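> structure of the sequence below:
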Amino acid sequence: MRRHCVARSKPMKNSHFLCCLFASLCLSLNGSAQMAVTYFGQSFIIDTLYPASGTTGMSSPWEIVYGPDDSLWVTASHDYKVYKINPFDKGSRLLLNLNSSKDFTSATANPWPQGGLMGLAIHPDFYSGKPWVYIAFVYHLIGCSTCSGSTSGARCEYNTKIARYQYDFTNGTLTYMDDVISGLDGSNDHNSGRIRISPLPESDGKYHLYYSIGDMGAGQLANICRAEFAQDTTVIEGKTLRLNTEPDLTQPSGYEWIPADNPFPSSPGASTRSAIYTFGHRNPQGLAFGTVDGGASYLLYSCEHGDRSDDEINILTAGTNYGWPKISGLCDDNYTSTFGDSLYLAGKAVVSESGFCDTTKTVVAEPIFSYYNWTRGQNKNIATNFPSANMNWPTVAPSSLAFYGTGAIPGWDHSLLITSLKNGLWRLKLKSDGLSVDSTTNPYDTLHYLAGYRLRNVTLSPTGDTLFLAVDNSCCTLGPTGTIGTSVASPAKGFILRMTYVVTLSVGDTVPRAKGRTSRADGAGAGAIRVYPNPAHGVLNVSMPSGAARRPWVAQLFSMTGQMAGARESYDDAFSMDISGVGPGVYVLRLYDGAGNGMLTYKVLVE
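Okay, the predicted model is just below:
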């Protein structure tokens, strides 16, 4: 397997442009304005969805899910609240307050759990009798103490759970149903906490829930005395879990939420199964399903924090070992100890990375991509001179992962999007089989966006022309140049940003973009979508064939610079938009159905 590098000595491309861009975005986005930017010859509009006005962001947004109701479902990890945000008009409301579901406060929990209120997932059959939402959160404080010899302060131990809630369509509230799994270990470090549900029923005919749980920060910093269990398949730490989305009553009592075909027994020789799906993980904070064959099958991708180097992108498969803490990144011996000179992972000397990867002894899956594969000498220098200064470590701190399948942005098909707590957003172009990164797209193997932002999560609109990003509330990034060792405060803390791809089309062009149905907009035939008059003045009429798609319809009118000039939501097949306040010019009308499918993009001349 080839090695992939982001070289420390090479300057970032367009660094002067990025410095100016960083300053401009900081000023404009904190004022809730829009900003036009260009990356790699492509134009985007960046604006703020939350807050709709002002400069006060959310308290540590963790997860953004684009729901089947065309809302963004967002968890605020420190506030223990779940919000819904309308991406069309920027309206937001509180959906759920989970503060009463935990037994600690900032006064009793010091340090606070990493994350707190974390992952959220919505059942694929949300509109078909299963309006269920799954939420992961730390709920119980076991206690806090200080490890002997620690120079990093106190540590706290917690319990974490995944609970199932039911959505009430009449009043828009969530009601607790049951716990999927509880009593999971929790910590002030490396809780991970992402949830994803398989996009298709699996071989047993069921959907399954996947959850990433870290190694609790074992063997480092304040948790230096905590035992490391990532290689122990009897302990749920440093793992990916696989669970049922509803209880299987044919299973023995206590195992209703555990799939019967999971790879590990619940105990040696037992017939019941464990929740563990994969093992050997450190802090996997990103999970995403992706397909390169049009949806016939899916791969499960994961991103994971390295130690002082070697952040990983993995493909997860049942029962597989991903190496931590015996190796970090590839099996390339850049952490292997030599006589009289040891390097450490999770507080223990590494014997031999390549030796541990020897297939005659154990089978370890190497990452498909590893950031900063530094040499052993470089890693030794970091360990010696910067033992706790993480801004000097060659890492990007990958915090979430999204799969870009096919969509509106040229060249983005079959890419991975990775948010970084140190350096913005990265896009990795995959090869056609989805199993490796295409290194021909860029000398650094990656394409970099939003340098200087501390990003916690990214999700996509169904049409693929818009990204939604959560800006983390914590301190610092490497700044707009991405120079290792710098420490710059991230702008727009707690904001939810929207990044929309902009393309200029000539007047009269009709460009259908949809996951399913598309239509013409010229009124020809009974099945056509009609947009009239064109040119328009004062009012714009839209008419759909009866029963064409799920409602409500959402129509948005954009200027050619990407600014929204008007919007209308309707449950009727024919409706009008008031454009009396829209100035003369060429505009783009985008029409979506109630499932988020892009039904039409159409050019309108306003007189």
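
> residue 222 falls within a strand, correct?
No: Residue 222: not assigned to a strand; according to DSSP: H, G, I helix; E, B strand; the rest coil it is helix.

> surely it and residue 154 touch.
Yes: with contact defined as CB atoms under 8 Å, residue 222 and residue 154 form a contacting pair (6.3 Å). (Each C-beta comes from the backbone N, C-alpha and C, glycine too.)

> which residues do these two both contact?
Common contacts of residue 222 and residue 154 (CB atoms under 8 Å, 6 or more residues apart in numbering): 111, 146.

> can you tell me the strand partners of whichever strand or helix holds residue 403 and which way each runs?
Residue 403 belongs to strand 398-404 when assigned by DSSP states H and E. Sheet pairing for strand 398-404, assigned by DSSP bridges, gives strand 415-420 (antiparallel).

> hmm, who's touching the strand holding residue 403?
Under the criterion CB under 8 Å, 6+ apart, residues 194, 285-291, 301-305, 311, 313, 371, 412-421, 426-427, 455-460, 464, 472 lie in contact with strand 398-404.

> how many residues are close by the residue nearest to residue 433 when sequence neighbours are not counted?
Leaving aside its chain neighbours, residue 433 sits nearest to residue 292 (6.5 Å; criterion: CB to CB, 6 or more residues apart in numbering). With neighbours defined by other CB atoms under 10 Å, the count for residue 292 comes to 20.

> now residue 601: how far from residue 474?
Relative to residue 474, residue 601 is positioned 38 Å away (criterion: CB to CB, to the nearest Å).

> these two - which one has more neighbours?
residue 601 (23 against 12).

> assumed the more buried one was part of a helix.
No: going by three-state DSSP, the assignment for residue 601 is strand, not a helix.

> just the buried subset of the contacts of strand 398-404, written out for PyMOL, thanks.
Selection command for PyMOL covering only the buried members of the contacts of strand 398-404, criterion 16 or more other CB atoms under 10 Å:
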select buried, resi 194+285+286+287+288+289+290+291+301+302+303+304+305+311+313+371+412+414+415+416+417+418+419+420+421+426+427+455+456+457+458+459+460+464+472
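
> so which of the contacts of strand 398-404 sit within strands?
The strands in this structure, assigned by DSSP state E, contain 285-290, 301-304, 311, 313, 371, 415-420, 426-427, 455-460 from the contacts of strand 398-404.

> which of residue 222 and residue 154 has more residues huddled nearby?
residue 222 (22 against 13).

> quick one: residue 260 and residue 205 touch, right?
No: if you go by CB under 8 Å, residue 260 and residue 205 don't touch, sitting 11.9 Å apart.

> quick one: the helices in the stretch 351-500 of the chain?
Secondary structure of the stretch 351-500 of the chain (DSSP state H, counting those that start in this stretch): helices located at 353-356, 376-385.

> pipe these into TSV and attach mean neighbour count and mean pLDDT per row.
What follows is the helices of the stretch 351-500 of the chain, written out as TSV (neighbours: other CB atoms under 10 Å; pLDDT from 0 to 100):
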stretch	mean neighbour count	mean pLDDT
helix 353-356	17	92
helix 376-385	15	91
